[in-house]
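K.L.:
show me how the following folds:
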Amino acid sequence: MQAILITPGPVATCKAVKRTKMSLVYILTQQFIDAAKELEQRNFGTLMEMPTAARSLHLFLKKTPQEVEHTLNANPGLCDFETYTRRYKKGSSKVISFQHRAKLVSMKLVSPEHFM
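P.N.:
So this is what the prediction gives:
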C-alpha cells in the first residue's frame, strides 16, 4: 500500500509500483489489486480497470493531497502528508502507455500536465 501511495503522479499501476524505490521485491498483479482495494476502502482513491488488447490494465487513481490529508493523518504508518504531496505532484510514470494516458485525460480523470 505504501508503494502505491508514493508512486509518482496521481495514477499508479502495478508496473509503475515496481519501479518505485520502495519496491524491492517482485509484486504480483493480484497483490497490487488487493492493496489498491484496501486503499480504496480507506478512501485514498479508486481502483479502475481499463481494457487493453492483451489484457486489462488495473490502475489506482489517487485522490489529491487535499482530499486525503485527514485520511493520511489517521493512517500515519502508510505515508506522511508531505511525502504524498511531493510524489503526487511529480509526473506519472513513463510505464503508463500513451494510449492509456490519452484515455485518462479524455475521460477527465487526470490532467495532461501529470504526464509531461
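K.L.:
how about low-confidence regions in the protein?
P.N.:
21-25, 93, 95, 114-116 (pLDDT under 70).
K.L.:
which residues in the protein form helices?
P.N.:
2-6, 14-18, 29-41, 65-74, 81-89, 98-106 (DSSP state H).
K.L.:
pull out the buried positions in the longest one.
P.N.:
Translated: helix 29-41. 32, 35-36, 39 (16 or more other C-beta atoms under 10 Å). Any C-beta I mention is one placed from the backbone N, CA and C, and that applies to glycine too.
K.L.:
tell me the one among the residues you listed nearest to residue 108.
P.N.:
residue 36 (20.8 Å; C-beta to C-beta).
K.L.:
state the distance from the closest one to residue 27.
P.N.:
Using C-beta to C-beta, to the nearest Å, residue 36 is found at 11 Å from residue 27.
K.L.:
same question for residue 46.
P.N.:
From residue 46 to residue 27 the distance is 19 Å (C-beta to C-beta).
K.L.:
now the buried residues of helix 29-41 in CSV, with distance to residue 17?
P.N.:
As requested, those are exported to CSV (distance: C-beta to C-beta, whole Å):
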residue, distance to residue 17
32, 6
35, 8
36, 9
39, 12
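K.L.:
of all these, which comes closest to residue 53?
P.N.:
Using C-beta to C-beta, those come closest to residue 53 at residue 32, 20.2 Å.
K.L.:
not counting sequence-adjacent ones, nearest residue to that closest one?
P.N.:
residue 14 (3.9 Å; C-beta to C-beta, 6 or more residues apart in numbering).
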